[in-house]
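Asks: missing the sequence, but the structure's below:
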């Protein structure tokens, strides 16, 4: 059997096994679920081996003579002392190194990219220069950098930040600002939800497209055959569970 | 001994933290080289962290098989999937294709990992829809705003929605590019302030939970 045809049968079977969860939790789904975990962990291990062991350790040390790389290898090995209770404290050196470097790298970069840059993009001129005619105020909502949108973004950022600022009681004018922040948050959550749903729908369409493609005769119609098998297995499993006497608690 | 067990790790954190925070402000090739090396070192040390995670998963399922707990057969399937993928992956030197032809590892990726991952996330579409039905009933003004924004964005992302409500595409873009962007920006600023504060606490030894518990 051709690898592509065999692949079509495997992919179809696994897809249908996962879809059976829409009926209820069942052994077919659990089988595919555990296989998914196993294959993804295996895939991650192989990729990590190829990237870290082969390309970052073995090749640079043996082909380019970068002996200094033995230091991070030794630090990494210290992590494994977690399995030896008496020497487990040695793993702290590895964590101290990772956390220290990570924190040090994060401070200037976060301040620069995520705080100052974001504030700079928020506080922009409300009026723009338009040739020799002087300044204009753009009302075009579809242009994110138009003057009206600059004001809306400014109001959104300030009100949301104020909503999460609990050092001042949200009363009087503060309550109005905080309420505006809530409205902005709800719109953003709604937008994020809608966007996620459509992304999932796109994945679903992709899977259904594959199932339709694999119902072709050139693949041996795995979709049709395996759909019948899956339904049959679900019926058998359902009958078995009905016959099983209820377990005493 | 307490110096080696507790104070030296804190000292390492402080020195490395201050060194790499300062590195950003030194525009010199040696400083850039230090950053490149540190990034490589972090990747290598991070690779060993993966060993910890995988070993934990391995132990958990091995215990399940040894004790013949309920569903131990699924743990065997997990082992088979993992070891099989590792075997074909090492056989193919971690490459999915060689000179345009898919390897066995590439086959596992295309016909097992992609369908499993895609379908697993795709079925979430149904659960999100049912969750939305239960929670999206406009019980309050805020819920109504959330519902309207979600519907507009969903309509604006598909041709049918734009056909039914011609303005939905533009309004959806405006919601995503302006309203959503402003909220994301505010949250990003807040989270970043927190991250910077936490980094300072870690460097100066105020936050020590990453060292774990146990004996001093």
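Replies: Alright, I've got the coordinates. Just so we're clear, the structure is a prediction, and the values are computed from it rather than from any experiment.
Asks: buried residues in the longest helix anywhere in chain B?
Replies: Longest helix of chain B, by residue count under DSSP state H: helix B:29-66. By neighbour count on 16 or more other Cβ atoms under 10 Å in any protein chain shown, the buried set for helix B:29-66 is B:38, B:40-45, B:47-48, B:50-51, B:54, B:61, B:64. C-beta coordinates here come from the backbone N, C-alpha and C atoms, glycine included.
Asks: before we move on, what about stretch B:160-177?
Replies: Quick answer for stretch B:160-177 (16+ other Cβ under 10 Å): B:161-162, B:168-169, B:171-177.
Asks: restrict the residues you listed to those near chain A?
Replies: Filtering those for proximity to chain A (criterion: Cβ under 8 Å from any Cβ of the partner chain) leaves B:172-177.
Asks: can you give me the strands in chain B?
Replies: B:97-98, B:101-102 (DSSP state E).
Asks: how far away is residue A:70 from residue A:77?
Replies: Remark: distance between residue A:70 and residue A:77 (Cβ to Cβ, to the nearest Å) = 10 Å.
Asks: distance-wise, check the closest residue to residue B:69 other than its chain neighbours relative to residue A:30.
Replies: Taking Cβ to Cβ, 6 or more residues apart in numbering or on different chains, and ignoring the residues beside it in sequence, residue B:69 has residue B:63 as its nearest neighbour in space, at 8.0 Å. Distance, residue B:63 to residue A:30, by Cβ to Cβ: 18 Å.
Asks: hmm, who's touching stretch A:128-146?
Replies: With contacts defined as Cβ atoms under 8 Å, 6 or more residues apart in numbering or on different chains, stretch A:128-146 is touched by A:124, A:126-127, A:147-149, B:170, B:173-174, B:177-178, B:181.
Asks: pull the distance from that stretch to the chain's centre.
Replies: How far stretch A:128-146 lies from its chain's middle: 38 Å, per Cα atoms, centre = their mean, to the nearest Å.
Asks: one more: stretch A:217-228?
Replies: How far stretch A:217-228 lies from its chain's middle: 33 Å, per Cα atoms, centre = their mean.
Asks: same thing with stretch A:77-91?
Replies: Remark: stretch A:77-91 is offset 31 Å from the chain centroid, using Cα atoms, centre = their mean.
Asks: got TSV for the strands of chain B, with distance to residue B:110 and mean pLDDT too?
Replies: Shown next, in TSV, are these (distance: least, Cβ to Cβ, whole Å; pLDDT from 0 to 100):
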stretch	distance to residue B:110	mean pLDDT
strand B:97-98	10	90
strand B:101-102	7	90
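Asks: now the ones you listed as TSV including distance to residue B:187 and mean neighbour count?
Replies: Rendered in TSV, the data for the strands of chain B read as follows (distance: least, Cβ to Cβ, whole Å; neighbours: other Cβ atoms under 10 Å in any protein chain shown):
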stretch	distance to residue B:187	mean neighbour count
strand B:97-98	40	13
strand B:101-102	42	14
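Asks: same list, those strands, but as TSV with distance to residue B:86 please.
Replies: Compiled in TSV, these are given as follows (distance: least, Cβ to Cβ, whole Å):
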stretch	distance to residue B:86
strand B:97-98	18
strand B:101-102	18
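Asks: what residues does the helix or strand bottoming out on mean pLDDT in chain B touch?
Replies: One helix or strand of chain B scores below all others by mean pLDDT, DSSP states H and E: helix B:124-135, with a mean of 79. Under the criterion Cβ under 8 Å, 6+ apart, residues A:22, A:193, A:196-197, A:200-201, A:203-204, B:143, B:150 lie in contact with helix B:124-135.
Asks: closest one to residue B:1 out of the residues you listed, please.
Replies: residue A:196 (51.7 Å; Cβ to Cβ).
Asks: what's near enough to touch the closest one?
Replies: Counted by Cβ under 8 Å, 6+ apart, residue A:196 has contacts residue B:128.
Asks: right, and the helix or strand after the helix or strand of chain A with the lowest mean pLDDT?
Replies: For chain A, using mean pLDDT, DSSP H and E, the weakest element among its helices and strands is strand A:128-129, scoring a mean of 71. Later in the chain than strand A:128-129, the nearest helix or strand by DSSP states H and E is strand A:135-136.
Asks: the closest residue to residue B:13 other than its chain neighbours: which element?
Replies: Spatial nearest neighbour of residue B:13, excluding adjacent residues (Cβ to Cβ, 6+ apart): residue A:100 at 3.8 Å. Taking DSSP H and E as the definition, one finds residue A:100 inside helix A:91-109.
Asks: and the helices in the chain?
Replies: Defaulting to chain A. Going by DSSP H, chain A shows helices at A:3-19, A:27-48, A:59-64, A:70-79, A:91-109, A:117-122, A:147-163, A:173-213, A:222-243.
Asks: oops, chain B please
Replies: So, for chain B - with DSSP H - the helices run B:2, B:8-23, B:29-66, B:72-91, B:104-108, B:114-122, B:124-135, B:141-156, B:159-164, B:168-174, B:180-203.
Asks: ok, the closest residue to residue A:126 other than its chain neighbours - contacts?
Replies: Excluding its sequence neighbours, the residue lying closest to residue A:126 (Cβ to Cβ, 6+ apart) is residue A:147, at 5.3 Å. Counting by Cβ under 8 Å, 6+ apart, residue A:147 touches A:126-128, A:136-139.
Asks: any of the residues you listed buried? List them.
Replies: With neighbours counted by 16+ other Cβ under 10 Å, these contain buried members at residue A:138.
Asks: least trustworthy position among the contacts of residue A:147, going by pLDDT?
Replies: Lowest pLDDT of the contacts of residue A:147: residue A:128, 72.
Asks: quick one: it and residue A:183, what's the gap?
Replies: Distance from residue A:128 to residue A:183, by Cβ to Cβ: 28 Å.
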